[in-house]
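Colleague: Have a look; sequence and predicted model below, questions after that.
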Amino acid sequence: MRRKVTKAIFPVAGLGTRFLPATKSVPKEIMTLVDRPLVQYAIDEARAAGIKEFIFVTSRGKGALEDYFDHSPVLEQELRKKGKDDLLEVLKDTYMESGAIAYIRQHQALGLGHAVWCARRLIANEPFAVILPDDVIAADKPCLQQMVEAYEETGGNMVAAMEVAPEKASSYGVLDVAEDMGRLTRVKGMVEKPPFGEAPSNLAVIGRYILAPSVMKNLNKMKKGAGGEIQLTDAIAQDIDNEQPVYGYRFDGKRFDCGSKAGFLQATVAFALARPDLRDDMLAYINSVALNASAAE
Ligand code: G1P
């Protein structure tokens, strides 16, 4: 029987400089789409996929993240006193079972591969998931759940994959495809941030991974790669040589790059439109803005 994936790593140590000055005092992962922080979307997706242990790789200044997943007795007491049961219910999603959540510090910003490696003692010899909270994916069935179901058949390593425009490929890890089976592709190599025109395909890695423990071992001896950083992509690619298969999984869903301002704003609009309590107001506003813009042309 294949071992179930019950642990997920959330690398959240980044400085979020693209969102300065906000990120001077607010961790990027606490920034909200409508009224829920980015990290809540990531946690919800992990829970839906059957994850039971949540490992955050953090850095200095991320204290708000720890508070977010803690109980808040004063707030709860106040809400209870005022009979605000609906809000007490909303808070439930933010609670973690005692011992289900761990925080590890990445002391130096040495790259995504290094951040994941910081969690090695908590992963030990098990397959594990990695979720990058910057990549928010709206989907009927949450992306990681789709992948866990596919992984139950394939084993090995699996990365979420999405076609991108050729001029965008150099912003991603890119798959070198051995066999394209539609939903799944078997991969014969992976390149992190290939120079323009040198990408092996237009299939990019999106921030959801299910990885074999051997990837952690590869990270033990990983050298700096693209951008002078220790890259997760390189450690996964190395597993292909270890005869551990690597698959790209084309997920169903719409991905938003919430690491960029434009992506974050698009996600805000999309998630607001998906909310029954906001949809009509938002649509009216968007339509009026669009009308004014075309009138001005
Ligand atoms: C990271 C990964 C890259 C992946 C991307 C997806 O890059 O290193 O392989 O394609 O996430 O969002 P980053 O965006 O952190 O530079």
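Modeller: Received the coordinates, thanks.
Colleague: ok, whatever residue of the chain ends up closest to the ligand to Leu283 distance?
Modeller: Distances between the chain and the ligand by CB to the nearest ligand atom are smallest at Gly173, namely 2.5 Å. No exception for glycine: its C-beta is placed from N, CA and C like everyone else's. The gap separating Gly173 from Leu283 is 36 Å, by CB to CB, to the nearest Å.
Colleague: Mind giving me the packing neighbours of the longest helix along the chain?
Modeller: Secondary structure of the chain per DSSP state H: the longest helix is helix 279-296. Helix 279-296 is packed against helix 261-273, with contacts defined by 3 or more CB pairs under 8 Å, 6 or more residues apart in numbering; DSSP states H and E.
Colleague: and the residue of the chain closest to the ligand, bridged to which residues?
Modeller: Residues found in beta-bridge contact with Gly173 (criterion: DSSP bridges) are Glu192.
Colleague: what's the helix or strand for Ile9?
Modeller: Assigned by DSSP states H and E, Ile9 falls within strand 7-11.
Colleague: And the residue of the chain closest to the ligand, what's its pLDDT?
Modeller: According to the model's per-residue confidence, Gly173 sits at a pLDDT of 97.
Colleague: same question, the one 10 residues further on
Modeller: For Arg183, the pLDDT comes out at 95.
Colleague: Tyr209 now?
Modeller: Residue-level confidence at Tyr209 comes out at 98, pLDDT.
Colleague: same check, this time on Ala178
Modeller: Per-residue confidence at Ala178 stands at 94 (pLDDT).
Colleague: Near the ligand, which residues of the stretch 151-297 of the chain are found?
Modeller: 172-173, 192, 204-207, 232-233, 259 (CB under 6 Å from any ligand atom).
Colleague: how would you label Pro133: helix, strand or coil?
Modeller: The local conformation at Pro133, judged by DSSP: H, G, I helix; E, B strand; the rest coil, is coil.
Colleague: Tell me who's in contact with Val177.
Modeller: Val177 makes contact with 185-188, 200-201, 203, 248 under the criterion CB atoms under 8 Å, 6 or more residues apart in numbering.
Colleague: which SS state does it fall under?
Modeller: Assigned by three-state DSSP, the conformation of Val177 is strand.
Colleague: quick one: secondary structure of Ser102?
Modeller: Not Ser; residue 102 is Ala. When the structure is reduced to helix, strand and coil (three-state DSSP), Ala102 reads as strand.
Colleague: What of Asp86?
Modeller: Under three-state DSSP, the three-state class of Asp86 is helix.
Colleague: ok, it - how many residues close by?
Modeller: 8 (other CB atoms under 10 Å).
Colleague: Give me the pLDDT value at it.
Modeller: Here, the pLDDT recorded for Asp86 equals 91.
Colleague: can you check Met1 too?
Modeller: With respect to pLDDT, Met1 has a value of 67.
Colleague: How about Gln108?
Modeller: Confidence at Gln108, expressed as pLDDT, is 91.
Colleague: for it, what are its contacts?
Modeller: Contacts here follow CB under 8 Å, 6+ apart; on that basis Gln108 touches His114.
Colleague: leaving aside the residues next to it on the chain, what's closest to Ala267?
Modeller: Nearest non-adjacent residue to Ala267, counting by CB to CB, 6 or more residues apart in numbering: Phe256, 3.7 Å away.
Colleague: Distance check, Glu89 against Tyr95.
Modeller: When CB to CB is the yardstick, Glu89 and Tyr95 sit 11 Å from each other.
Colleague: Between those two, point out the one with more neighbours.
Modeller: It is Tyr95, of Glu89 and Tyr95, that has more neighbours when counted by other CB under 10 Å, with 13 against 10.
Colleague: quick one: secondary structure of the residue lying closest to that one once chain neighbours are set aside?
Modeller: Counting by CB to CB, 6+ apart, Tyr95 lies nearest to His71, which is 6.3 Å off, once chain neighbours are set aside. For His71, the reduced secondary structure class is coil; criterion used: three-state DSSP.
Colleague: Quick one: distance of stretch 134-151 to the chain centre.
Modeller: Using CA atoms, centre = their mean, to the nearest Å, the distance from the centre of stretch 134-151 to the centre of the chain it belongs to is 10 Å.
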